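**Student:** give the three-dimensional model of this entry:
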Amino acid sequence: MGNDKAAAGTHPDGNAPPTPAIAQVVDRRLLRNLLDNAGSTLVFGAVVSVLVGYAVWRTSGVDAILLWIGGVVGVSLLRLLLVPLLRRHLDDVNAQLIGGIYAALAAVGGVTWGLFAYFDDVGHPIGARLMVLIVLVGLPVASLSTNAIYRPVFFAFSLPFYAAMLYWAWWRVPEMAIEFSLLATIYSALIAVTAWRYNASLRSSLMRDIENEMLLHEVHSMNDELERMAYQDSLTGLSNRRSFEKTTQELLARRRDGDTLALMLIDLDNFKSINDTLGHAAGDAVLIELSQRIEDNSRLREMIAYTPLDTARIGGDEFIALYRLDPGASIEPVAGRILRALMAPMRVHDKAYQPAVSIGIALAPTHADNLDDLLHAADQAMYRAKSTGGGRYVVATGDRGDGSAPRTGRSRRRR
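**Tutor:** The predicted model follows:
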């Protein structure tokens, strides 16, 4: 990004100037606006050069004017050809470099136009002399709305006209050279002030637009972060209970006949002892490691979850995962693989630790067709796993509605 803070003017609220990065954005947008409008101005200028040049040539008979017409038209065509190229590279190249190149082209154009003063002569008809003055005085004003979009371009184009007016005053009307020079200076200064204020107004408007865009971006970022916090567990990065319940309820509602969903409830045995003996930081490290193991050992083509992490943490030491089973497939191979992965030894803060987990599994629609009853059935299965010593998985028994799994209320382990 550019470093010209002054080029961007002052902040619209009158405080500190914008950062170099914002100044570069402002310059780039101003240049894009200038280049988008340059074509019509250049074509207009070329047409005017032909008209006034022809009028002066016809009344004065100076053939060199035809060369001047060709020079102005040639420079205008060159600028027209380069405008698309500069616009195309505006986002890839430093904005000030693009602006400098176009300002140099504008200077060449201004010098070419300014040479028109050379063709004035006291012996020429009054109409031809007026044509010269109209060009020298009027063209900087006529091009102001385009060239003043970017200050360096305006001054590069206008200063040669000021020099041409001084030349005209001292070489064509020497008897009034001082008066005309003062008049040309005051006139040029007024135009410059007008162009400066016009540019400042454009910059101020762009600054407000950029600030609004930045504010809107911050609002969107905050909303994204709030949404992430609402649906993601802050410790493990997995889905949280809210996310899991929302997704599971939607999947159960859309479940087609023949589809089987398997809910796996995973609870870490004796987790409190980890916090008591090794500290809460060690407990957090264990939870993070176990969540990664669940994620790594789940076949992604079977996993269904709200986030790409494909599992959820729904309590302090409880995880849950949801699978869609292919027709005739069993959840037990997946459960066995995850159980073995979770019970593999690990080191926590340079100390050996042997995890132990209990897993309860319930199937929809076999054991329940709604989330509360499915969680209850999985919770009951997990209790049976714990009651037999833990370190194992148990699949719920019985079909829904046969009395083997109560259907009223929520599981007392849901927290």
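**Student:** separation between the residue lying closest to Phe44 once chain neighbours are set aside and Trp113?
**Tutor:** Computed as Cβ to Cβ, 6 or more residues apart in numbering, the closest residue to Phe44 that is not its neighbour in sequence is Ala142, at 7.8 Å. To be clear about C-beta, it is placed using only N, CA and C from the backbone, and glycine gets the same treatment. Distance, Ala142 to Trp113, by Cβ to Cβ, to the nearest Å: 11 Å.
**Student:** before we move on, which element is Thr112 in?
**Tutor:** Following DSSP states H and E, the helix or strand that holds Thr112 is helix 95-114.
**Student:** what do you get for Trp171?
**Tutor:** Here Trp171 is assigned to helix 151-172, by DSSP H and E.
**Student:** next helix or strand past that helix?
**Tutor:** Following helix 151-172 in sequence order, the next helix or strand is helix 177-231 (DSSP H and E).
**Student:** what's whatever helix or strand comes next after that following helix in contact with?
**Tutor:** Scanning forward in sequence from helix 177-231 by DSSP H and E, the next helix or strand is helix 241-254. Applying Cβ atoms under 8 Å, 6 or more residues apart in numbering, the external contacts of helix 241-254 come out as 230-232, 239, 261, 263, 304-307, 312, 314-315, 320, 322, 324, 364, 369-371, 374.
**Student:** go through the next helix or strand after helix 241-254 and flag the buried ones.
**Tutor:** Tracing the chain past helix 241-254, the next element assigned as helix or strand by DSSP H and E is strand 260-268. For strand 260-268, the neighbour count (16 or more other Cβ atoms under 10 Å) marks Thr260, Leu261, Ala262, Leu263, Met264, Leu265, Ile266, Asp267, Leu268 as buried.
**Student:** can I get those residues in JSON lines with pLDDT?
**Tutor:** Below are the buried residues of strand 260-268 laid out as JSON lines (pLDDT from 0 to 100):
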{"residue": "Thr260", "pLDDT": "86"}
{"residue": "Leu261", "pLDDT": "89"}
{"residue": "Ala262", "pLDDT": "91"}
{"residue": "Leu263", "pLDDT": "93"}
{"residue": "Met264", "pLDDT": "93"}
{"residue": "Leu265", "pLDDT": "94"}
{"residue": "Ile266", "pLDDT": "94"}
{"residue": "Asp267", "pLDDT": "92"}
{"residue": "Leu268", "pLDDT": "90"}
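**Student:** residue contacts, the residue nearest in space to the middle of the chain?
**Tutor:** Taking Cα atoms, centre = their mean as the criterion, His217 is the residue nearest the geometric centre of the chain, at 7.9 Å. Under the criterion of Cβ under 8 Å, 6+ apart, His217 has no neighbours.
**Student:** next, Arg392: phi, psi?
**Tutor:** phi -160, psi 170 (degrees, to the nearest 10).
**Student:** so where's the stretch 51-200 of the chain shaky on pLDDT?
**Tutor:** The stretch 51-200 of the chain contains no residues with pLDDT under 70.
**Student:** what ranges does the stretch 301-415 of the chain have for its strands?
**Tutor:** 312-313, 318-325, 346-348, 351-353, 357-364, 392-395 (DSSP state E, counting those that start in this stretch).
**Student:** can you name every helix or strand that the third one contacts?
**Tutor:** Pointing back at strand 346-348 there. In this structure, strand 346-348 makes packing contacts with helix 280-296, strand 351-353, judged by 3 or more Cβ pairs under 8 Å, 6 or more residues apart in numbering; DSSP states H and E.
**Student:** check which residues of it are buried.
**Tutor:** When burial is assessed from 16+ other Cβ under 10 Å, strand 346-348 yields the following buried residues: Met346, Val348.
**Student:** partner strands of it and their direction?
**Tutor:** The pairing partners recorded for strand 346-348 under DSSP bridges are strand 351-353 (antiparallel).
**Student:** buried stuff in the partner strand?
**Tutor:** Tyr353.
**Student:** gap between it and the chain center?
**Tutor:** With Cα atoms, centre = their mean, to the nearest Å as the basis, strand 351-353 stands 46 Å off its chain's centre.
**Student:** which residues touch that strand?
**Tutor:** Counting by Cβ under 8 Å, 6+ apart, Ile274, Leu278, Ala282, Val286, Pro345, Met346, Arg347 sit against strand 351-353.
**Student:** buried ones among these?
**Tutor:** Counted by 16+ other Cβ under 10 Å, the contacts of strand 351-353 give Ile274, Leu278, Ala282, Val286, Met346 as buried.
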